[in-house]
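Peer 1: need a structure here:
(chains A and B)
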Amino acid sequence: DQQVKQNSPSLSVQEGRISILNCDYTNSMFDYFLWYKKYPAEGPTFLISISSIKDKNEDGRFTVFLNKSAKHLSLHIVPSQPGDSAVYFCAASARRQGGSEKLVFGKGTKLTVNP
Amino acid sequence: GAVVSQHPSWVICKSGTSVKIECRSLDFQATTMFWYRQFPKQSLMLMATSNEGSKATYEQGVEKDKFLINHASLTLSTLTVTSAHPEDSSFYICSGKTSGSTDTQYFGPGTRLTVL
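Peer 2: Numbering: from 1, shown residues only, chains lettered A, B, ... in the order given. Purely as a prediction, here's the structure:
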């Protein structure tokens, strides 16, 4: 049961344009969402996060939008740069019984930014 | 800040042997550390969660006797794959987080394990 879905396995954009990566989730208990960037054979690097009490969070070229009613979030990168080429993972977190949390990851979207 | 290292970055071992992977938080104290496994073209799957000084909590389907986790200090956790088999070959990644209100985890670079 895939609770976090990234339906586009890949995305290709031109340098300078906007990249929009999408993520859908099914568990309404998720209350914290994160985007990670990953290069091959490396661990994920934290990019940006958003709490469920917000609908937008911006950090430089990266903006995350959250639509709770649609259980959808997106990551916007503008302007896109060739160095942004990587796999982007969406992750969601929910508190479990006992207070621990668990990050559930999507399968990732490979972004290619062409010069 | 928030740097996590892993050692080794890759390891090849024979079937039946044990392999230990170290995870260190270099510039913060990780009250909680997590171990993930990633198979090709799949997402990261949480294997276990460990809090410093206490036993790890394993996810359903993960054998605790096979994947031994020790979180001896606020900066070090180890994962030992015991009696490794070829199906254990995977990319193992750890992460750490501090106590606090956010759930941001900081990941290590991963360890590629190949069991022959």
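Peer 1: which residue is nearest the middle of chain B?
Peer 2: The structure's chain B has its C-alpha centroid closest to residue B:35; by Cα atoms, centre = their mean the separation is 3.3 Å.
Peer 1: For the strand or helix carrying that one, which strands pair with it and how are they oriented?
Peer 2: Per DSSP states H and E: residue B:35 is located in strand B:32-38. Taking DSSP bridges as the criterion, strand B:32-38 sits next to strand B:45-51 (antiparallel), strand B:90-97 (antiparallel) in its sheet.
Peer 1: most packed of those strands?
Peer 2: A comparison of those by mean neighbour count, using mean count of other Cβ atoms under 10 Å in any protein chain shown, puts strand B:90-97 on top with a mean of 24. Every C-beta, even on glycine, is put in place using the N, C-alpha and C of the backbone.
Peer 1: What part of chain A, helix or strand, is modelled with the least confidence?
Peer 2: Sorting the helices and strands of chain A by mean pLDDT, DSSP states H and E puts strand A:101-105 at the bottom, at a mean of 85.
Peer 1: got a list of contacts for the following helix or strand past it?
Peer 2: Where DSSP H and E defines the elements, the next helix or strand beyond strand A:101-105 is strand A:109-114. If you take Cβ atoms under 8 Å, 6 or more residues apart in numbering or on different chains as the criterion, strand A:109-114 is touched by A:6, A:8-15, A:19, A:21-22, A:77, A:80-88.
Peer 1: Quick one, which of those are buried?
Peer 2: A:6, A:11, A:13, A:19, A:21-22, A:77, A:80, A:84-88 (16 or more other Cβ atoms under 10 Å in any protein chain shown).
Peer 1: Out of these, which comes closest to chain B?
Peer 2: residue A:6 (8.5 Å; Cβ to the nearest Cβ).
Peer 1: Tell me who's in contact with the residue of chain B found nearest chain A.
Peer 2: With Cβ to the nearest Cβ as the measure, residue B:107 is the residue of chain B nearest to chain A, at 3.7 Å. Residues in contact with residue B:107 (Cβ under 8 Å, 6+ apart) are A:36, A:43-46, B:4, B:93-95.
Peer 1: Just give me the closest of those residues to residue B:28.
Peer 2: Here the nearest of these to residue B:28, counting by Cβ to Cβ, is residue B:4; it sits at 8.8 Å.
Peer 1: ok, now which ones touch the nearest residue to the closest one once chain neighbours are set aside?
Peer 2: Spatial nearest neighbour of residue B:4, chain neighbours left out: residue B:108 (4.1 Å); criterion: Cβ to Cβ, 6 or more residues apart in numbering or on different chains. By Cβ under 8 Å, 6+ apart, the residues touching residue B:108 are A:43, B:4-6, B:23, B:93-95.
Peer 1: so which of the buried ones among the contacts of strand A:109-114 also contact chain B?
Peer 2: Among the buried ones among the contacts of strand A:109-114, no residue sits close to chain B (Cβ under 8 Å from any Cβ of the partner chain).
Peer 1: In the strand holding residue B:35, which residues are buried?
Peer 2: B:32-38.
Peer 1: Would you format the residues you listed as a markdown table with distance to residue B:78 included?
Peer 2: As requested, the buried residues of strand B:32-38 are exported to a markdown table (distance: Cβ to Cβ, whole Å):
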| residue | distance to residue B:78 |
| --- | --- |
| B:32 | 15 |
| B:33 | 10 |
| B:34 | 13 |
| B:35 | 10 |
| B:36 | 15 |
| B:37 | 15 |
| B:38 | 19 |
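Peer 1: what sits against the closest residue to residue A:86 other than its chain neighbours?
Peer 2: Leaving aside its sequence neighbours, residue A:86 sits nearest to residue A:37 (Cβ to Cβ, 6+ apart; 4.8 Å). Applying Cβ under 8 Å, 6+ apart, we find residue A:37 in contact with A:44-45, A:47, A:84, A:86-89.
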